[in-house]
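Engineer: here you go, sequence then predicted model.
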Amino acid sequence: MAELVLGPLLRYVGENEATVWVETDAPCRVEVLEHSAETFSVCGHHYALVCVAGLEPGGRYPYEVALDGERAWPEPDSEFPEPVIRTVDPEAQLQILYGSCRVAAPHDPPYNLPKDEDPRGRDYDALYARALHMLAGDYESWPDLLVLLGDQVYADEVSPAVLDFIRSRRSTEEGPGEQVADFEEYTRLYYESWRDPVIRWLLSTVASSMIWDDHDMHDDWNISQSWCEDMRDLDWWEERIRGGISSYWIYQHIGNLSPDELAGNEQWQKVTEAGDATEYLRGFADHDGRNEAGRHWSIWRDLGRTRLVVIDSRGGRVVEPGKRSMVDEEEWGWIVEKVSGDFDHLLIGTSCPWLLATGIHHAETWNEALCDGAWGSRVAGWSETIRRAGDFDHWAGFRHSFEALGELIAEVGSGKYGMPPRSITVLAGDVHHAYVNQIGFRKGSGIRSAVHQAVCSPFRNPLNAKERALIKTTRSQPFIRSFRWLARRAGVPDPPFAWRLCEGPYFDNQVGTLFIDGERLEARLEKTVPDDAMQGRKPRLETSYERRLA
C-alpha cells in the first residue's frame with residue numbers, strides 16, 4: 001500500500017476550488033473530497049496535485065487524503081486538528097502571513113540559540129511559532145494565506161541531517177562539496193523543511209503561494225552575466241541547476257496555479273500525460289537554466305477584493321550588461337495586465353526588496369553604472385567583484401526595472417488601469433531584517449492610493465551582531481551622502497520618487513501579517529521569544545509593530 005512521504009499541502013484556494021499537493025512512496029491514485037488524481041513520477045519520486053472543485057465561497061471543508069482508496073491522512077490518533085480547506089469569502093476579513101528565508105534545523109539547542117552564542121544557532125523558527133499560536137486558538141483566527149517570498153530551502157547551507165545524507169552517497173571533497181548536487185538531494189531539503197509535524201499541519205490547513213530566491217538555487221543566483229558564465233564553467237553546475245529548477249517546479253510552482261491555469265499549462269499537461277516525467281522535466285530545466293526568454297514564473301491570485309501579484313525577481317532576469325532587467329519584456333507585459341483592474345487592495349510580492357536603505361540604494365545604482373562601463377572597462381571588472389561581494393542584486397542594481405516598477409505603481413495608483421485601489425503594498429524578503437517604507441510621488445502625479453513596502457525576513461536565519469551593525473551603518477547620513485555623490489558622478493540620476501522609513505529595522509526571526517477589512521489594511525510584525533511557560537523549550541510571538549497602511 002502506498003504511503004504519504006510529504007504533505008498534504010493546501011496550495012491554491014479560490015472561492016469555489018482548491019488544490020492539494022502530496023508526495024507518495026509509490027504510484028497511486030490520490031483522493032481528496034471525492035476528487036482524485038494519479039501520481040506522476042520524477043527520478044523515482046511520486047507526486048500528485050488534486051484539484052477540488054464545486055466548493056462554496058466562505059466554506060469550511062475538513063478533508064482526508066486517501067491513496068488507492070485507503071485513508072492515509074490524517075494519521076490515526078493525530079494530536080493536531082483535522083486539515084481543512086477554507087474557501088475565499090469575498091465579503092469577509094482577510095489575514096495574510098508573509099516572509100522569507102527559513103533554514104531547516106532542529107528546534108533544540110544549540111540550533112535554537114542566538115547565532116552570537118553558538119555558530120550553529122539559528123534562534124527560534126517564526127513560522128513554527130506562528131503555527132503553535134494557531135494551535136492554541138480557534139480556527140476563526142487562522143490566516144487565510146501564507147506568502148513565502150523566497151529561500152524556502154537553502155541549497156548552499158544544509159542541515160547536519162542533509163549533510164549526512166549527502167556524505168552517504170558521494171564525496172564532499174569534489175563537485176559542490178557540502179551543498180546539494182542534484183534532484184535527489186533537493187528532495188531531502190524539502191522533506192526536512194516541510195516534514196516537521198507542526199509545519200506539516202500548518203501547510204495542510206493554510207493555503208500558500210511561493211516564489212524562489214537565490215538560495216533556493218545558489219547564493220547570488222543570476223546576479224550578473226559574468227556570474228552565470230562562471231557558474232556554467234563548473235562541471236557540477238548543470239546537474240545542480242537542473243535539479244533545482246525541476247524540484248522547484250514540482251514542490252513550489254505548480255501549487256501556485258489555479259485549476260484553470262493548470263488546465264492550460266503546457267508543462268503540466270505533458271508531465272501528467274507522461275507518467276514518468278523525468279526526461280521531460282530535465283529538458284525543461286535545461287532550457288530555463290540558460291536564461292532564455294519564454295519561461296515565466298510570476299504568479300497571481302484574487303482574494304475577494306484583494307489582488308496578489310508575485311513577481312519572479314530572480315529566475316527570469318535579463319543579465320546582459322547595459323540591458324539588465326528583473327524580467328523580460330513579455331513577462332513585464334503580463335505583470336502590467338495582472339495589476340490592472342478594479343480592486344480595493346493591490347499586493348505586489350517580490351523576493352528582493354524594491355526599496356532599500358537609501359545609502360545602499362545609491363551604492364547599488366552606482367555599482368551597476370560602473371559595471372556597465374561608466375568609468376571604463378578596467379573599473380567595470382573591479383565593480384563586478386564588488387557587485388558579487390556586496391550582494392548588489394536587488395531592484396536598485398537593475399535600475400531600469402526599479403524605475404519601471406515605480407512608474408507602474410504610480411499609473412495604477414492614479415487610475416490609468418482602472419479605479420485606483422485603496423492601497424498598493426509591495427511585500428518582500430531576502431535581506432534578513434524587517435522594515436516598512438512609505439512612498440511619496442511628485443506633485444501632480446494624481447496618485448490616490450496609499451503606497452508602502454513591507455519587508456519581512458527572516459523566518460529563521462538571523463544576522464549576527466557584526467552584520468546587524470553593518471546594516472545600521474548603511475542608514476547613516478555620511479554613508480548616504482557618500483554614495484549619492486558617487487552615483488551622481490557615474491551619471492545616475494536621483495530616483496523619480498522618494499521613500500521614508502516608518503518602521504524598523506528589526507533583526508529578529510519574524511513573521512509579517514496583513515489584516516484586510518474592506519478598505520482598511522493593517523500590518524503587524526511579530527518576533528520569536530522563548531516561552532517562559534515552556535522553560536524556553538518552545539517559542540512564542542511578541543509584537544514588534546502594528547501599523548495601519550490604509
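Structural biologist: Received the coordinates, thanks.

Engineer: which SS state does the residue lying closest to His362 once chain neighbours are set aside fall under?
Structural biologist: In this structure, His362 finds its nearest non-sequential neighbour in Phe483, 3.7 Å apart by CB to CB, 6 or more residues apart in numbering. Yep, even glycine has a C-beta here, placed from its N, CA and C like the rest. Each residue gets one of three states, and Phe483 gets helix by DSSP: H, G, I helix; E, B strand; the rest coil.

Engineer: the closest residue to Phe165 other than its chain neighbours: neighbouring residues, count only.
Structural biologist: Distances taken as CB to CB, 6+ apart place Arg188 nearest to Phe165, at 5.3 Å, with adjacent residues excluded. Neighbourhood size, Arg188 [other CB atoms under 10 Å]: 20.

Engineer: please apply the same query to Ile199.
Structural biologist: Count around Ile199 with other CB under 10 Å applied: 18.

Engineer: quick check: phi and psi at it.
Structural biologist: As for Ile199, its main-chain torsions (degrees, to the nearest 10) stand at phi -70, psi -40.

Engineer: for it, what are its contacts?
Structural biologist: 127-128, 131, 193 (CB atoms under 8 Å, 6 or more residues apart in numbering).

Engineer: so which of those are in helices?
Structural biologist: 127-128, 131, 193 (DSSP state H).

Engineer: export these as JSON lines, with columns for distance to Gly255, pLDDT and neighbour count.
Structural biologist: Listed next are the ones in helices among the contacts of Ile199 as JSON lines, based on distance: CB to CB, whole Å; pLDDT from 0 to 100; neighbours: other CB atoms under 10 Å:
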{"residue": "Leu127", "distance to Gly255": "17", "pLDDT": "98", "neighbour count": "24"}
{"residue": "Tyr128", "distance to Gly255": "21", "pLDDT": "98", "neighbour count": "23"}
{"residue": "Ala131", "distance to Gly255": "18", "pLDDT": "98", "neighbour count": "23"}
{"residue": "Ser193", "distance to Gly255": "15", "pLDDT": "98", "neighbour count": "22"}
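
Engineer: quick check, nearest of those residues to Ala498?
Structural biologist: Leu127 (33.5 Å; CB to CB).

Engineer: tell me which element the spatially closest residue to Ala404 that is not a sequence neighbour is part of?
Structural biologist: Counting by CB to CB, 6+ apart, Trp332 is the residue found nearest to Ala404 once chain neighbours are left out, at 7.2 Å. For Trp332, the host element (DSSP states H and E) is helix 329-338.

Engineer: packing partners for whatever helix or strand comes next after that helix?
Structural biologist: Per DSSP H and E, the first helix or strand lying C-terminal to helix 329-338 is strand 345-350. Applying 3 or more CB pairs under 8 Å, 6 or more residues apart in numbering; DSSP states H and E, we find strand 345-350 packed against strand 306-311, helix 399-413, strand 423-428.

Engineer: 6 Å instead?
Structural biologist: Contacts defined by 3 or more CB pairs under 6 Å, 6 or more residues apart in numbering; DSSP states H and E place strand 345-350 against strand 306-311, strand 423-428.

Engineer: can you tell me what sits against the last one?
Structural biologist: Contacts with strand 423-428, where a contact means CB atoms under 6 Å, 6 or more residues apart in numbering, come from 98, 345-350, 353-354, 409, 413, 449-455, 521, 549-550.

Engineer: just the CA coordinates of stretch 176-195, formatted as PDB?
Structural biologist: What follows is stretch 176-195, C-alpha atoms only, in PDB (Å, rounded to 0.1, in the frame of the first residue of the first chain):
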ATOM      1  CA  PRO A 176      29.600  21.300  -4.900                       C
ATOM      2  CA  GLY A 177      31.100  19.900  -1.700                       C
ATOM      3  CA  GLU A 178      28.700  20.200   1.200                       C
ATOM      4  CA  GLN A 179      26.000  21.800  -0.900                       C
ATOM      5  CA  VAL A 180      23.300  19.900  -2.800                       C
ATOM      6  CA  ALA A 181      24.200  18.400  -6.100                       C
ATOM      7  CA  ASP A 182      21.100  17.100  -7.900                       C
ATOM      8  CA  PHE A 183      17.400  16.500  -7.800                       C
ATOM      9  CA  GLU A 184      17.700  13.700  -5.200                       C
ATOM     10  CA  GLU A 185      19.400  15.900  -2.700                       C
ATOM     11  CA  TYR A 186      16.900  18.700  -3.300                       C
ATOM     12  CA  THR A 187      14.100  16.300  -2.300                       C
ATOM     13  CA  ARG A 188      15.800  15.900   1.000                       C
ATOM     14  CA  LEU A 189      15.800  19.700   1.600                       C
ATOM     15  CA  TYR A 190      12.000  19.800   1.100                       C
ATOM     16  CA  TYR A 191      11.500  16.700   3.100                       C
ATOM     17  CA  GLU A 192      13.300  18.200   6.100                       C
ATOM     18  CA  SER A 193      11.700  21.700   5.700                       C
ATOM     19  CA  TRP A 194       8.100  20.500   5.400                       C
ATOM     20  CA  ARG A 195       8.100  17.200   7.300                       C
END
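
Engineer: tell me the one of the ones in helices among the contacts of Ile199 nearest Pro109?
Structural biologist: Tyr128 (15.2 Å).

Engineer: ok, for that closest one, nearest residue in space, not its chain neighbours?
Structural biologist: Nearest one to Tyr128, counting by CB to CB, 6+ apart, is Val198 at 5.7 Å.

Engineer: hmm, Ala129 and the one you found touching each other?
Structural biologist: No. Assessed by CB atoms under 6 Å, Val198 is found out of contact with Ala129, at 9.4 Å.

Engineer: the two: who's more crowded?
Structural biologist: Ala129 (27 against 19).

Engineer: so what's the more buried one up against?
Structural biologist: 528, 539, 541.

Engineer: can you give me the strands in the stretch 201-350 of the chain?
Structural biologist: For the stretch 201-350 of the chain, applying DSSP state E, counting those that start in this stretch gives strands covering 207-210, 299-303, 306-311, 345-350.

Engineer: quick one: closest of those to Val327.
Structural biologist: Between the strands of the stretch 201-350 of the chain, strand 306-311 lies closest to Val327; by CB to CB that is 6.9 Å.

Engineer: got the angle for the closest one vs strand 423-428?
Structural biologist: 40 degrees (axes from the mean of the first three to the mean of the last three CA atoms, to 10 degrees).

Engineer: tilt between strand 306-311 and strand 299-303?
Structural biologist: Using the same axes, to 10 degrees: strand 306-311 against strand 299-303 is 170 degrees.

Engineer: just checking: what are the partner strands of strand 306-311?
Structural biologist: strand 299-303 (antiparallel), strand 345-350 (parallel) (DSSP bridges).

Engineer: what's the most buried one of those strands?
Structural biologist: strand 345-350 (a mean of 26; mean count of other CB atoms under 10 Å).

Engineer: I'd like the next helix or strand past that strand.
Structural biologist: helix 358-371.

Engineer: any chance you could list what contacts that following helix?
Structural biologist: For helix 358-371, using CB under 6 Å, 6+ apart, the contacting residues are 379-380, 383-384, 386-387, 392, 396-397, 399, 474, 479-480, 483-484, 486-487, 490, 492.
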